[in-house]
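Peer 1: 3D, please:
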Amino acid sequence: MNTLGIPASDGQAFPLRVSTTLDALGQVLTWFEAFRNSGIPDPIWMECQLVLAEGFTNVVRHAHQALPESTPIDIELVLAPQWLELRIWDQGQEFDLEVFAQQLPAELDTDSEGGRGILLMKALTSRLSYTRQADGRNCLLISKRFNDSAHLPKPVS
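Peer 2: The predicted structure follows:
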């Protein structure tokens, strides 16, 4: 089962490996662009593109800030008919995403330097987690169902 409770065999995986540099963001976005017309509804694809870019830049700026540019960042898209998962693996220090997110104020200061990206990622996903793996890497898991109610039109009042 995947994190959405769907048999993992229902999805197809597409990997990418890039270096630890913000210049690689273009390569990441070009790679994800190839999936734009692969059954992902356009509004969800755009949201996932934003979350992918935010997650990737967080790895470069925070998790890998003290590591050499040659340190790889592995990314994987698992795509199925009604959902997708993006995974971003880093080699940084362990970080508790949930505790960090809970410590953020309910209303963010627009002048604040940090935290907004995590709240944005949480708002745009069905599930967001960041866990330490047995191999010593961390995995940012981004799960998105295509039928989330957040994408239904809001009733007109």
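Peer 1: can you pull out the helices in the protein?
Peer 2: Applying DSSP state H to the chain gives helices spanning 25-33, 42-58, 97-103, 116-124.
Peer 1: Which among these is found nearest to Asn138?
Peer 2: Closest approach to Asn138 among these (Cβ to Cβ): helix 97-103, 9.3 Å. To be clear about C-beta, it is placed using only N, CA and C from the backbone, and glycine gets the same treatment.
Peer 1: Report the mean confidence score over that closest one.
Peer 2: Across helix 97-103, the average pLDDT comes to 71.
Peer 1: Kindly report the same for stretch 41-58.
Peer 2: Mean predicted lDDT for stretch 41-58 stands at 96.
Peer 1: rewinding a little: export the helices of the chain to TSV and tack on distance to His64 and mean neighbour count?
Peer 2: TSV is the format used below for those (distance: least, Cβ to Cβ, whole Å; neighbours: other Cβ atoms under 10 Å):
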stretch	distance to His64	mean neighbour count
helix 25-33	13	15
helix 42-58	10	18
helix 97-103	16	12
helix 116-124	16	16
